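Colleague: Okay, sequence plus prediction incoming.
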Amino acid sequence: MPEVNVTKPREGVSLITLDDPATLNSMSFELVEKLYGALAAVAADNDCSVAVLTGSGEGFCSGLNLEDVGVPPGTAGMTLGRIAIRAMETMSGLVPKMRALPQPIIAAVGGPAYGGGFCLSLGADIRLAGPGARFNAAGINNGLSAVELGASYLLPRLIGASRANEILLSGRVVEAAEAERIGLVSRVVEGDRLLEEALDLAEQINGYSTFGVAMTKKLLWSSLEIGSLEAAIDLENRNQLLVRMLTKNLDEAIRARREKRPPVFED
């Protein structure tokens, strides 16, 4: 039975683990519904500032479970057309849900991230890869389109249109080293330290203002969707002013620097 586990390995850090290793953590409706529940629980956790998303076993997420995907939730009595659109919306709603989380999400990709699993990695705010990470838009290999769960929007913005088009249209696998070279992931972590590196990064981010981090995430996503530098700067001005006026964080940072100690942000 697929599970999605949420633990607190570090103070202020939630670890979300897709746990169906026999299928490389594939996306059945059961697992997806549990992932929604996990994201909601993390979003509501006021003691959590950062989340890490990973998969158990040798995979991150192998995409749609082609053997036993199950039934979309809440479809009793629906016609076929309504069931079909509910199924698509259930899967595709995950990335907007990740975006809406106040906490930044670090994807720790240790193995295959295929199809919808590739898209889940794109929905994270930061991606770290292990040496065995592999990325693939598997839909096109299965006779479907390569674009789903926001991939057509996110991938070109992350790595540029030409590279994104080639990866999505060719259906080829992107290995960890190439993913780092083209900026798909921030870095490749050698050996078996991937999760520890992700948790270390999460702990570093957790040391900053929770409010400031949340507002930074919100603006970074918003700026992907607006049409000009001027609009982005207008948003930044209001964002920065909001954090400055509603907290004493800057005053604390100045005091801490004078006293040669780490700042303690109480927002």
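Modeller: The structure has been received and is ready for your questions.

Colleague: Return the distance of residue 47 relative to residue 267.
Modeller: When distance is defined by CB to CB, to the nearest Å, residue 47 is 13 Å away from residue 267. In this view, the C-beta of every residue, glycine as well, is placed from N, C-alpha and C.

Colleague: For those two, indicate the residue with more neighbours.
Modeller: residue 267 (13 against 10; other CB atoms under 10 Å).

Colleague: ok, that one - contacts?
Modeller: Contact analysis of residue 267 by CB atoms under 8 Å, 6 or more residues apart in numbering lists 209-212, 247, 249.

Colleague: for residue 214, same thing?
Modeller: 49, 102-103.

Colleague: And the helices in the stretch 1-150 of the chain, which stretches?
Modeller: Assigned by DSSP state H, counting those that start in this stretch, the stretch 1-150 of the chain shows helices spanning 29-43, 80-92, 94-100, 116-123.

Colleague: same thing with the stretch 151-267 of the chain?
Modeller: Secondary structure of the stretch 151-267 of the chain, counting by DSSP H, counting those that start in this stretch: helices at 151-159, 161-170, 176-181, 194-206, 210-223, 229-246, 249-258.

Colleague: Nearest to residue 130 among the ones you listed would be which one?
Modeller: helix 194-206 (4.0 Å; CB to CB).

Colleague: Would you mind listing the buried residues in the closest one?
Modeller: 194-195, 197-199, 201-203, 205-206 (16 or more other CB atoms under 10 Å).

Colleague: Reformat the residues you listed as a markdown table; add pLDDT.
Modeller: Shown next, in a markdown table, are these (pLDDT from 0 to 100):
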| residue | pLDDT |
| --- | --- |
| 194 | 97 |
| 195 | 97 |
| 197 | 97 |
| 198 | 98 |
| 199 | 98 |
| 201 | 98 |
| 202 | 98 |
| 203 | 97 |
| 205 | 97 |
| 206 | 96 |
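
Colleague: Of the residues you listed, which is the nearest to residue 90?
Modeller: The shortest gap between residue 90 and any of the buried residues of helix 194-206 belongs to residue 198, at 27.1 Å (CB to CB).

Colleague: That closest one - nearest residue in space that isn't next to it in sequence?
Modeller: The shortest distance from residue 198 to any non-neighbouring residue, by CB to CB, 6 or more residues apart in numbering, is to residue 108 (4.0 Å).

Colleague: wait, that neighbour sits on residue 194?
Modeller: Yes: counting by CB atoms under 8 Å, residue 108 touches residue 194, with 5.3 Å between them.

Colleague: shared neighbours of those two, which are they?
Modeller: 54, 128, 130.

Colleague: just the buried members of the residues you listed?
Modeller: Taking 16+ other CB under 10 Å as the criterion, what is buried in these is 54, 128, 130.

Colleague: Out of these, list just those in strands.
Modeller: Residues of those located in strands (DSSP state E): 54, 128.

Colleague: I'd like the buried ones among the shared contacts of residue 108 and residue 194 as CSV, with distance to residue 120 appended.
Modeller: Below are these laid out as CSV (distance: CB to CB, whole Å):
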residue, distance to residue 120
54, 11
128, 14
130, 16
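
Colleague: mind pulling up the phi and psi values for the residue positioned nearest the centre of the chain?
Modeller: Nearest to the mean C-alpha position of the chain, counting by CA atoms, centre = their mean, stands residue 124 at 1.8 Å. Backbone torsions of residue 124, given as degrees, to the nearest 10, read phi -80, psi 160.

Colleague: quick one: it and residue 108 touch, right?
Modeller: No: applying CB under 8 Å as the test, residue 124 and residue 108 come out as separate, 9.1 Å apart.

Colleague: Name the residues contacting each of these two.
Modeller: In contact with both residue 124 and residue 108: residue 53, using CB under 8 Å, 6+ apart.

Colleague: pLDDT score for residue 254?
Modeller: Looking at residue 254, its pLDDT reads 93.

Colleague: number of nearby residues for it?
Modeller: The burial count assigned to residue 254 is 11, neighbours taken as other CB under 10 Å.

Colleague: separation between it and residue 260?
Modeller: With CB to CB as the criterion, residue 254 and residue 260 are 12 Å apart.
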